[in-house]
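1. Please work out how this folds:
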Amino acid sequence: MAEHRLATVAGRAGVGKSRLAGDALAGLPDAPWQRVVRVVWEGCGPGEPGALAAAVSRSLAEPRRHPEAVGTGAGVRELARLLRGSETLLLLDDIDPVREECTGLVQSLLSAVPGLRVLVTSRQPLGLGEEHVLSLPPLSTEPPEAQSGDAPAVRLFLDRAAEAGHRVDRVDLPHVAAICRSLEGVPLSVELAAEQTSRHRLDDLAKQLERQQCWLSSSRPARPRHRSLRCAVSVSYMLCERTLRTVWARVSAVAGPFNESTAVHLCASGTVAGHQVPACLARLAALGVLVPVRDPGGLRQPRYRMVRAARDFGVERLKEAGEHAEAVQRRAERCRQVAALAERLWSSGSQPQAVHLVQEEQEELRAVLLHALDDPGQADVALDIVTNLWFWWVVYGRAQEGLDHLLPLLPLCPRDNPPTRSLWLAAWLTAPSDPDGARELLGRAWSTAILDGDDATLGRIAHVQGALALHRHDERAAAEHFHEAARTIPYRAIGGPSATLSLAAMALAQTGFDPRAARKSARRALTRRGIRADAWTCFVARYAMAYVDHRLGRHGRAWRRAQRALASLDGSLPAPYGTEALRRLTADIETSRRSSLLLRSVPLSCAVIPLPEPAGT
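-> Here you go, the predicted model:
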């Protein structure tokens, strides 16, 4: 304020804008102004025209000769006369309901009174050219780097809990940290939660706040809008017109970050048109209801995340309007579309795009899958999502997560019409830990696939049978199953691994009893049509070729193949299944130790293909 005539402290509800402004002004002993005039807008609505100018006039504590003129041009001139004569700082606190009037009033007063400084607190800036904006973020929930001590949000919680008469033991600090993370470090939320320590155990409080937060309240608020978290958020809600409120409520059905297309899918119906949604998102972000997680001015679609308290408030409004069930169904359908798109991208050769899409949407996908366990009506949608994401579970080491989603969903489907692809995927992921269970699942999938004439699934069932044969240390049977899979899976069949992957797996199985036949199979895999468009299958085939060359004593050639395969990996993506085995093979060649097929140590954690490990590892 010493360097700028107009400054605004902006931030979301409850972040501490008014407290910061008041404490900062009180702590300046050598301020360049002689008096401070503070005007606090207490109402939730804009009031009558000129109401803010009237409030400023009352705060100046001088009689007005023409009170009916306050707020008109004459009233502004009268205020300018009263503000002249001394260096004055005018603090306009919490002016969101009268933001439009405040913008015009401040602009007029700064032009008329050269010695005037203005400090504003609001959820969004005024937008004037000479305005200096301080965007106030929430408190950090992580400890300071290179320093000992608790996170700022945790320290605030501990201080307020002590004021309420509750001392927190150090063993309970993990619960406090979880509470602060759930509350996103918003000071008002943290203070309200700290007051609950006399009524709730910290672990129970953390669980309740994970479910819902708007119930937090205080019996001694500094201001009426701080009585509860619901009151604080409702002020922002009342500042919105009907369309903006509707978009707020409908988008609150999303649990994680989302982009504009997702918001349009959820919001575009009834009184809200699709073309209105992007502008509404930008306005909600300006109010602090949404937080941009990607630069809105970038090349890609902007992404947003809804503030947790605002999301809980929006869900309440959604249920009051009777739209919650429909919004949840729309969210699930949107996630099914995302999973189907990711699978199509993977199968068409755009595997990096498929992985990036799943990485961006995985929080929302996980939320939909968990919700389906409590809503059997969405089991079919959830199974489609899990099955279409087969590559995510298999290729990137998330087999157990995939099983945790898949196995509870299967009993929710009718026994007379089982989802064939889901049964096949469950068997594939289950094979390393429960071979008998995997065989039972394969039997159910096989009978249905036969009736449907589904060659792709029949071939992939044979692939899993090959993995199970290797689990029994029967390389010849495994090679026969993989050969059947390679012959049965149609070219460019989507929804699972390609026939070329089964051919590469056959080469690895043949290595144990016929290395020369294995080399022919590996070469056939590498020369298959479309292999270059399938980066992961190409990687596995290169591994097979390098491993076979090594077994045949061609160590230099094997080492070069392995190095080229490792160099082909996309560094922006997680390392695919088989990367560690290829690195061990390279190390084995470099140390001149001959590897052998150790079936007991085959890395079947994902039951993808039998990647043999070098000896001595």
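2. average pLDDT for stretch 265-284?
-> Averaged over stretch 265-284, pLDDT sits at 92.
3. Mind listing what's buried along it?
-> By neighbour count on 16 or more other CB atoms under 10 Å, the buried set for stretch 265-284 is 265-268, 272, 276-278, 280-281, 283-284. Bear in mind the C-beta positions are built from the backbone N, C-alpha and C, glycine included.
4. Need the max-distance pair from those.
-> His265 and Arg283 (19.2 Å; CB to CB).
5. Okay, now the unreliable bits of the chain?
-> Low-confidence segments of the chain (pLDDT under 70): 27, 44-47, 61-74, 146-148, 221-222, 295-299, 415-417, 592-617.
6. Outline the domain layout of this protein.
-> Taking automatic domain parsing as the reference, the chain has its domains at 6-135, 152-211, 241-407, 419-601.
7. Next, please give the residue ranges for the helices of the stretch 101-250 of the chain.
-> Taking DSSP state H, counting those that start in this stretch to define them, one finds helices in the stretch 101-250 of the chain at 152-163, 173-182, 187-194, 202-211, 229-238, 242-251.
8. In TSV: the ones you listed, plus distance to Cys413 and mean neighbour count.
-> Below are the helices of the stretch 101-250 of the chain laid out as TSV (distance: least, CB to CB, whole Å; neighbours: other CB atoms under 10 Å):
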stretch	distance to Cys413	mean neighbour count
helix 152-163	44	19
helix 173-182	34	20
helix 187-194	41	26
helix 202-211	28	17
helix 229-238	40	20
helix 242-251	29	22
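9. outside of whichever helix or strand Ala518 is part of, which residues touch it?
-> Secondary structure assignment for Ala518, by DSSP states H and E: helix 515-526. For helix 515-526, the external contacting residues (CB atoms under 8 Å, 6 or more residues apart in numbering) are 500, 503-504, 506-511, 531, 537-538, 541-542, 544-545, 548-549, 551-552.
10. Among the helices of the stretch 101-250 of the chain, which comes closest to Val120?
-> Comparing the helices of the stretch 101-250 of the chain against Val120 with CB to CB, the closest turns out to be helix 229-238 (16.2 Å).
11. okay, the angle between the closest one and helix 242-251?
-> Relative orientation of helix 229-238 versus helix 242-251 (axes from the mean of the first three to the mean of the last three CA atoms, to 10 degrees): 130 degrees.
12. ok and helix 229-238 relative to helix 187-194, angle-wise?
-> Using the same axes, to 10 degrees: helix 229-238 against helix 187-194 is 150 degrees.
13. Show me what helix 229-238 is packed up against.
-> In terms of contacts (3 or more CB pairs under 8 Å, 6 or more residues apart in numbering; DSSP states H and E), helix 229-238 is packed against helix 187-194, helix 308-320.
14. List only buried entries from the contacts of helix 515-526.
-> Among the contacts of helix 515-526, those buried by neighbour count (16+ other CB under 10 Å) are 500, 503-504, 506-511, 531, 537-538, 541-542, 544-545, 548-549, 551.
15. neighbours around Leu566, how many?
-> 17 (other CB atoms under 10 Å).
16. how about the residue lying closest to it once chain neighbours are set aside, what does it touch?
-> Once flanking residues are discounted, Leu566 sits nearest to Leu582: 6.1 Å by CB to CB, 6 or more residues apart in numbering. Contacts for Leu582 (CB under 8 Å, 6+ apart) come out as 543, 546, 562, 565-566.
17. And for Leu79?
-> The neighbours of Leu79, taking CB under 8 Å, 6+ apart as the test, are 53, 56-57, 60, 109.
18. and what of Thr262?
-> Per CB under 8 Å, 6+ apart, neighbours of Thr262: 254, 334, 364.
19. hmm, back to that, from the buried residues of stretch 265-284, which is closest to Leu6?
-> Nearest member of the buried residues of stretch 265-284 to Leu6, counting by CB to CB, is Arg283, at 22.6 Å.
20. what about the closest one, which helix or strand?
-> helix 277-286.
21. Just the CA coordinates for that helix, please, in CSV.
-> The C-alpha atoms that make up helix 277-286 are tabulated as CSV, following Å, rounded to 0.1, in the frame of the first residue of the first chain:
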residue,chain,number,x,y,z
VAL,A,277,-20.8,-23.7,-20.0
PRO,A,278,-17.2,-22.6,-20.8
ALA,A,279,-18.0,-19.0,-19.9
CYS,A,280,-19.7,-20.1,-16.7
LEU,A,281,-16.6,-22.2,-15.7
ALA,A,282,-14.4,-19.1,-16.2
ARG,A,283,-16.7,-17.0,-13.9
LEU,A,284,-16.8,-19.7,-11.3
ALA,A,285,-13.0,-19.8,-11.4
ALA,A,286,-12.9,-16.0,-10.9
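22. Just after it, pick out the following helix or strand.
-> Using DSSP H and E, the helix or strand that follows helix 277-286 in sequence is strand 290-292.
23. helices or strands up against that next one?
-> Looks like strand 290-292 contacts helix 277-286, strand 303-306 (3+ CB pairs under 8 Å, 6+ apart).
24. strands paired with the shortest one, and their directions?
-> In the sheet containing strand 303-306, the strands it pairs with under DSSP bridges are strand 258-259 (antiparallel), strand 290-292 (antiparallel).
25. Switch these over to CSV; also include mean neighbour count.
-> Below are the strands paired with strand 303-306 laid out as CSV (neighbours: other CB atoms under 10 Å):
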stretch, mean neighbour count
strand 258-259, 22
strand 290-292, 21
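26. got those strands as JSON lines, with distance to Arg472 columns?
-> Putting the strands paired with strand 303-306 into JSON lines (distance: least, CB to CB, whole Å) gives the following:
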{"stretch": "strand 258-259", "distance to Arg472": "47"}
{"stretch": "strand 290-292", "distance to Arg472": "53"}
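27. so which of these gets nearest Leu468?
-> strand 258-259 (40.6 Å).
28. Just the CA atoms of whichever helix or strand comes after that closest one, as PDB, please.
-> As assigned by DSSP H and E, the chain's next helix or strand after strand 258-259 is helix 260-267. The C-alpha coordinates for helix 260-267 follow below in PDB (Å, rounded to 0.1, in the frame of the first residue of the first chain):
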ATOM      1  CA  GLU A 260     -14.800 -28.200 -20.600                       C
ATOM      2  CA  SER A 261     -16.100 -31.100 -22.600                       C
ATOM      3  CA  THR A 262     -16.900 -33.000 -19.400                       C
ATOM      4  CA  ALA A 263     -18.700 -30.000 -18.000                       C
ATOM      5  CA  VAL A 264     -20.700 -29.500 -21.100                       C
ATOM      6  CA  HIS A 265     -21.700 -33.200 -21.000                       C
ATOM      7  CA  LEU A 266     -22.900 -32.800 -17.400                       C
ATOM      8  CA  CYS A 267     -24.500 -29.400 -17.600                       C
END
